[in-house]
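Undergrad: Any chance you could fold what I've pasted below:
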Amino acid sequence: MEKTLVLVKPDAVQRGLVGEIISRFEKKSIKIVGCKMMKLKEAVLREHYAHVVDESFFEELSQFMSSSPVFVLCLEGIDAVNIVRKLSGTDNFQLGTIRGDFSVSSQKNLIHSSDSITTAKREISRFFSSAELFDYDKTEWKHIYAEVDKHKS
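TA: Coordinates of the predicted model:
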């Protein structure tokens, strides 16, 4: 099973969309294996956004991401990275996605999700200790996944 990271950003927290966002993942049978609310500090933001830290918009991004707590999720499932990315949506606001249904800004876009398995592993370890992640049976999976599906991840 793959794991992936989701940050429910300050705009979603302030707008009361955390439950709606979590519900989207749960309805797709993605398993929550870790969750917490936290205030992001500058060091974490610089590490998480290292690829844009030298860009002119980084300061505004950093201020936004530290303006309110975020809700951090570690999610698990077959092809979890890809599925979570599709549910999250892109900045083109495709209806039926979290961003498409609730966001109107390409920067204040409600949610971050890992873009690859490699990135997900790095991001999960940035935000969670191993003691904060849980391994448990999601019994509904035996009614959702075929044996052939289980060998994909």
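Undergrad: alpha carbons only for contacts and neighbour counts from here, please
TA: OK.
Undergrad: where does the chain dip in pLDDT?
TA: Low-confidence segments of the chain (pLDDT under 70): 150-153.
Undergrad: how about the helices in it?
TA: 10-14, 18-27, 42-48, 58-65, 80-88, 98-102, 117-127, 147-150 (DSSP state H).
Undergrad: Mind putting the ones you listed into JSON lines with distance to Lys108 and mean neighbour count?
TA: Output for these, formatted as JSON lines (distance: least, C-alpha to C-alpha, whole Å; neighbours: other C-alpha atoms under 10 Å):
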{"stretch": "helix 10-14", "distance to Lys108": "6", "mean neighbour count": "20"}
{"stretch": "helix 18-27", "distance to Lys108": "15", "mean neighbour count": "15"}
{"stretch": "helix 42-48", "distance to Lys108": "15", "mean neighbour count": "14"}
{"stretch": "helix 58-65", "distance to Lys108": "8", "mean neighbour count": "15"}
{"stretch": "helix 80-88", "distance to Lys108": "13", "mean neighbour count": "20"}
{"stretch": "helix 98-102", "distance to Lys108": "10", "mean neighbour count": "19"}
{"stretch": "helix 117-127", "distance to Lys108": "20", "mean neighbour count": "16"}
{"stretch": "helix 147-150", "distance to Lys108": "35", "mean neighbour count": "10"}
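Undergrad: what's the closest of the ones you listed to Leu133?
TA: Closest to Leu133 of the helices of the chain is helix 117-127 (C-alpha to C-alpha; 9.5 Å).
Undergrad: Turn the helices of the chain into TSV, including distance to Asp135.
TA: Converted to TSV, the helices of the chain look like this (distance: least, C-alpha to C-alpha, whole Å):
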stretch	distance to Asp135
helix 10-14	27
helix 18-27	16
helix 42-48	25
helix 58-65	29
helix 80-88	15
helix 98-102	27
helix 117-127	15
helix 147-150	16
